[in-house]
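J.: Have a look at this prediction, sequence included:
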Amino acid sequence: MRGLGLGMVGFWWEAGVASRENLALKTPRRLEALFLTLSGETLTVAVAYNNSGSCQTEEIVSSEMNVWGKFVFPGRREIHVVDTDYEQYAILRVSLQWQNHEFYVFKYFTRSLGGECEPGFLKFRELTTDMGLYLVGRHGRCAMLLKEHLT
């Protein structure tokens, strides 16, 4: 297996979110894209959010990374890579803590917004059939700003 961090570097569009938690699906602060960079053992994630029409960016540096696809970030956030082909799609499980309640969401990322017939999207739907679903699937303005700034 290729080095997980190295295979995941670059730009990723968020194309789907699934969760049993309604809060995760209805938040006004929507992630649109990620840009991952790796320097030694440090993974840095630049994110673009659309917060009720206003673009926001944030840079988060992992405090821990392992070859099994687990990344730990400040604020009790963890990202587990559930499945990826490194080139077209990635399915992530993001664990969060909010108001002393731990919950998780599954996120589907793609290098290009091709559609719902892609093999990665079909795997995402299989994993999340019993969860609420929010599909993004559009070229968001905030994501485009991040992509232009970092690529």
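T.: Sure, I can see it. Numbering: from 1, shown residues only.

J.: Do you have the strands of this structure handy? List them.
T.: For the chain, the strands defined by DSSP state E occupy 10-19, 29-39, 42-51, 54-61, 64-65, 70-73, 77-84, 89-98, 101-110, 132-135.

J.: which helices and strands sit right next to the first one?
T.: It stands for strand 10-19. Applying 3 or more C-beta pairs under 8 Å, 6 or more residues apart in numbering; DSSP states H and E, we find strand 10-19 packed against helix 22-26, strand 29-39, strand 101-110, helix 119-127, strand 132-135, helix 141-150. No exception for glycine: its C-beta is placed from N, CA and C like everyone else's.

J.: Comparing the strands of the chain, which yields the minimum mean pLDDT?
T.: With a mean of 60, strand 64-65 has the lowest mean pLDDT of the strands of the chain.

J.: closest one to residue 146 among the strands of the chain?
T.: Evaluated over the strands of the chain, closeness to residue 146 peaks at strand 42-51, with 3.7 Å, by C-beta to C-beta.

J.: Now do that closest one against strand 54-61, angle only.
T.: Relative orientation of strand 42-51 and strand 54-61, computed by axes from the mean of the first three to the mean of the last three C-alpha atoms, to 10 degrees: 160 degrees.
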